[in-house]
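Colleague: would you be able to build a 3D model of this:
(4 chains)
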Number of protein chains: 2
Amino acid sequence: MEPIRVVLVDDHHLVLAGLRMLLEPLPHLAVVGTAATAAAAYAAVATHRPDVVLLDINLPDQSGLEVCRRLTTDYPGLKVLALTTLHEKSYVTRMMQEGAAGYLLKNASPEELAEAIARVHAGKKYFSDDVQELLLRPAPAAAAGPLITRREREVLLLIADGLTSHDIATRLFLSALTVETHRRNLLTKFGVGNTAALIRLAAQQQLL
Amino acid sequence: MEPIRVVLVDDHHLVLAGLRMLLEPLPHLAVVGTAATAAAAYAAVATHRPDVVLLDINLPDQSGLEVCRRLTTDYPGLKVLALTTLHEKSYVTRMMQEGAAGYLLKNASPEELAEAIARVHAGKKYFSDDVQELLLRPAPAAAAGPLITRREREVLLLIADGLTSHDIATRLFLSALTVETHRRNLLTKFGVGNTAALIRLAAQQQLL
DNA sequence: GGCGAAATACTGGTTTTCCGGTAGGGCCGA
DNA sequence: TCGGCCCTACCGGAAAACCAGTATTTCGCC
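Modeller: Next up is the predicted model:
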């Protein structure tokens, strides 16, 4: 059986070397190329035509998300396995949207690494255990903050900018009275009594 | 001449493997041990008595800062070279306070890695170029925020809690008029026109 | 096609903040 | 010891925010 052809993409020489060292002893794998930038990654894939690409999200010249999208559209049979230290849900989901076949954390064991490559090459998905757990648990951020409407959010931002209700009304082509209403709804939704507390809460919840 | 004895500490197998691969071909170096946890690091240093430890800041069981302190106090001749992806100034300075002999980023080239180990073993300090630049540029946080007095800060916190000037006055055993003065001073110092903008700025500058 | 949520708007009144200018006492460093 | 900053405190007036309650339109969704 032919070995699985793999290209490694990471801006850290260390990680490239580590991957090489871990993967080369494996008989059913062949590391056919490495790249440290997005541009080099495109070139390496074009010349070596790998089966699987191990792709870091942090690259110096371009986001790994972008690279993932281009690779998967340009080479439909190609499997992209995302490899990163970031365990943030948004990254995982966005990476999957861009066509990645799996998501690995860099603290993965060598066995896990080999397993992941084999699985995505076989057409399956692969996620690290921690990543799976991450995906299962729904965003706790949503629970923390109250439900806010589009308009209220807009008003909130302008309040935080230091505009008065009247200013905001002018800006949004509204009556000042309407803005006051939105304002009051914000206060009640956040359970606070004045603007100061409102803005602090909003800031704590990254809404600004 | 005897080779420099090196112990590697990192919770990522990948990085350990990469370091091994990059360092083992070098004749004047000998990787005598590796560890993936703080506990394992202490054991490895105790048994192998290395000259240099490459130490990651992120370890599962304990902070690398703590590990650095214990190693440098227990083994005075030992050189600790911090190795991490984080380019945040606070980490660098704290690591140096704990007795590290240098600070490397993980995107360092193989040559830089070898160079760094040689230098710290020779009793010198070593910093990546980017890290040096980081150290030179003084904390922009201080420049960003205006100078605030003790009392003003106290008032600011209570404002952010949603108290009115009157409430704050009661809490601090002051006249409400005094609180208003502090309040106005805060507004002018921050260069804003109302409480909302004040709180947002304060939040951005981690003053809350 | 209607129900409900969101957005819009208003009345009328109270509280709070904002603006300006002023000023005395305490404390610390030049 | 003297000047400067901080903390304290005040006046009067304008602007803005907050409170309670109501009402119409608009829009998405079932």
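
Colleague: burial check on the residue nearest to A:Ala43 when sequence neighbours are not counted, number of neighbours?
Modeller: Closest residue to A:Ala43 apart from its sequence neighbours, by CB to CB, 6 or more residues apart in numbering or on different chains: A:Ala35 at 7.3 Å. Where C-beta positions appear, they are placed from N, C-alpha and C, glycine not excepted. Using other CB atoms under 10 Å in any protein chain shown, A:Ala35 is surrounded by 24 other residues.

Colleague: so for A:Ala35, what's the pLDDT?
Modeller: pLDDT recorded at A:Ala35 is 91.

Colleague: with A:Glu24 instead?
Modeller: 86.

Colleague: hmm, A:Gly18 and it touching each other?
Modeller: No - in this structure, A:Glu24 is not within contact of A:Gly18 by CB atoms under 8 Å, at 11.1 Å.

Colleague: who has more neighbours out of those two?
Modeller: Higher neighbour count among A:Glu24 and A:Gly18: A:Gly18, with 28 against 12, using other CB under 10 Å.

Colleague: from A:Thr34, how far off is that one?
Modeller: The spacing between A:Gly18 and A:Thr34, counted by CB to CB, to the nearest Å, is 11 Å.

Colleague: ditto for A:Arg5
Modeller: In terms of CB to CB, A:Arg5 sits 13 Å off from A:Thr34.

Colleague: hey, which helix is longest across chain A?
Modeller: helix A:176-190 (DSSP state H).

Colleague: near chain B at all, that one?
Modeller: No - Helix A:176-190 stays clear of chain B (CB under 8 Å from any CB of the partner chain), getting no nearer than 9.8 Å.

Colleague: so what does the next helix or strand along the chain from that helix touch, helix or strand wise?
Modeller: Downstream of helix A:176-190, the first helix or strand assigned by DSSP states H and E is helix A:195-204. Counting contacts by 3 or more CB pairs under 8 Å, 6 or more residues apart in numbering or on different chains; DSSP states H and E, helix A:195-204 is packed against helix A:150-160, helix A:176-190, helix B:150-160, helix B:195-204.

Colleague: just put the ones you listed in a markdown table and tack on mean neighbour count.
Modeller: Formatted as a markdown table, the helices and strands packed on helix A:195-204 follow (neighbours: other CB atoms under 10 Å in any protein chain shown):
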| stretch | mean neighbour count |
| --- | --- |
| helix A:150-160 | 18 |
| helix A:176-190 | 16 |
| helix B:150-160 | 18 |
| helix B:195-204 | 22 |
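
Colleague: now those as JSON lines including distance to DNA strand C?
Modeller: Formatted as JSON lines, those follow (distance: least, CB to the nearest atom of the strand, whole Å):
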{"stretch": "helix A:150-160", "distance to DNA strand C": "3"}
{"stretch": "helix A:176-190", "distance to DNA strand C": "4"}
{"stretch": "helix B:150-160", "distance to DNA strand C": "7"}
{"stretch": "helix B:195-204", "distance to DNA strand C": "4"}
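
Colleague: what sits against the most centrally placed residue in chain A?
Modeller: Centroid check for chain A by CA atoms, centre = their mean gives A:Tyr91 as the closest residue, at 1.4 Å. If a contact means CB atoms under 8 Å, 6 or more residues apart in numbering or on different chains, then A:Tyr91 has A:57, A:84 as its contacts.

Colleague: check whether stretch A:165-185 comes near DNA strand D.
Modeller: Yes - against DNA strand D, stretch A:165-185 shows contacts by CB under 7 Å from any atom of the strand at A:165-166, A:180-181, A:183-184.
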